[in-house]
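K.L.:
3D, please:
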Amino acid sequence: IFAWNGTLDKFVGDEIVVFWGAPLDQADHAELAVRCAIDMRRRLLALQDRWRTEGKPVLESGIGINTGTVVVGNIGAEGKKMDYTVIGDQVNLAARFQGLTRTLGEPILLTERTVRQLEAHGGKDSAGLSLRRLQTVTVKGRGEAVVAYTVDIGEHRLRDAPSQSLAG
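P.N.:
Below is the predicted model of the structure:
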C-alpha cells in the first residue's frame with residue numbers, strides 16, 4: 001500500500017480500507033490503486049504456492065476499487081475519539097464490490113467510474129492494463145446498476161465461483 005502511495009485508513013475485521021488522493025492530491029490515483037491491487041494479488045499468489053507446498057491452509061482475498069467524491073478528514077469528536085478517515089457512498093460501493101469478488105469469481109473488481117478515471121488519464125492503455133468488462137450488477141443499498149470490470153494479471157478465475165448472473 002505504501003509503495004503505491006496509498007493511505008492506510010483502517011482495518012475492519014479482515015478488511016483493509018485504503019484510499020488515494022488525500023491528504024495530497026494524486027492525479028493518477030486510480031492507476032495507483034489498480035497497480036497496488038495487482039501487486040497485492042501477485043504477492044498473494046506466490047504465498048499461496050508456498051503454503052500449498054508446505055501443506056498449509058491457503059488464504060484467498062478480494063479487492064474492490066471505486067472512484068468518486070468522498071468525505072475525508074478528521075472525523076469524530078475532539079477530545080473523545082477522532083480518526084483521519086474516509087466516509088461516503090463511494091466508500092460503501094467499493095466495499096460492496098469487494099464482497100462481489102467471490103460471486104463474480106474475480107479477485108479484483110473495479111467500478112465503471114474507476115475505469116473512466118483510468119481512461120481519462122491514459123492509464124488503461126498507456127500503462128498496459130488489461131481491463132475486462134464483466135457485467136452490470138445491482139448492489140445492496142443502491143438503486144442504480146453499476147458495471148463491474150476486472151483487471152487481468154494472467155491467472156485463472158477463483159475456484160468454486162458460480163457462473164451466474166447477479167441481481168441485488
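K.L.:
hey, where'd the helices end up in the protein?
P.N.:
Under the criterion DSSP state H, the chain contains helices at 29-53, 89-104, 112-120, 123-126.
K.L.:
could you export the ones you listed as TSV, including mean pLDDT and distance to residue 68?
P.N.:
Yep, even glycine has a C-beta here, placed from its N, CA and C like the rest. Output for those, formatted as TSV (pLDDT from 0 to 100; distance: least, Cβ to Cβ, whole Å):
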stretch	mean pLDDT	distance to residue 68
helix 29-53	94	11
helix 89-104	94	3
helix 112-120	92	6
helix 123-126	52	17
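K.L.:
how about the ones you listed in JSON lines, adding mean neighbour count?
P.N.:
Shown next, in JSON lines, are those (neighbours: other Cβ atoms under 10 Å):
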{"stretch": "helix 29-53", "mean neighbour count": "17"}
{"stretch": "helix 89-104", "mean neighbour count": "19"}
{"stretch": "helix 112-120", "mean neighbour count": "19"}
{"stretch": "helix 123-126", "mean neighbour count": "16"}
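K.L.:
Throw these into JSON lines and include distance to residue 147, thanks.
P.N.:
As requested, those are exported to JSON lines (distance: least, Cβ to Cβ, whole Å):
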{"stretch": "helix 29-53", "distance to residue 147": "15"}
{"stretch": "helix 89-104", "distance to residue 147": "11"}
{"stretch": "helix 112-120", "distance to residue 147": "4"}
{"stretch": "helix 123-126", "distance to residue 147": "14"}
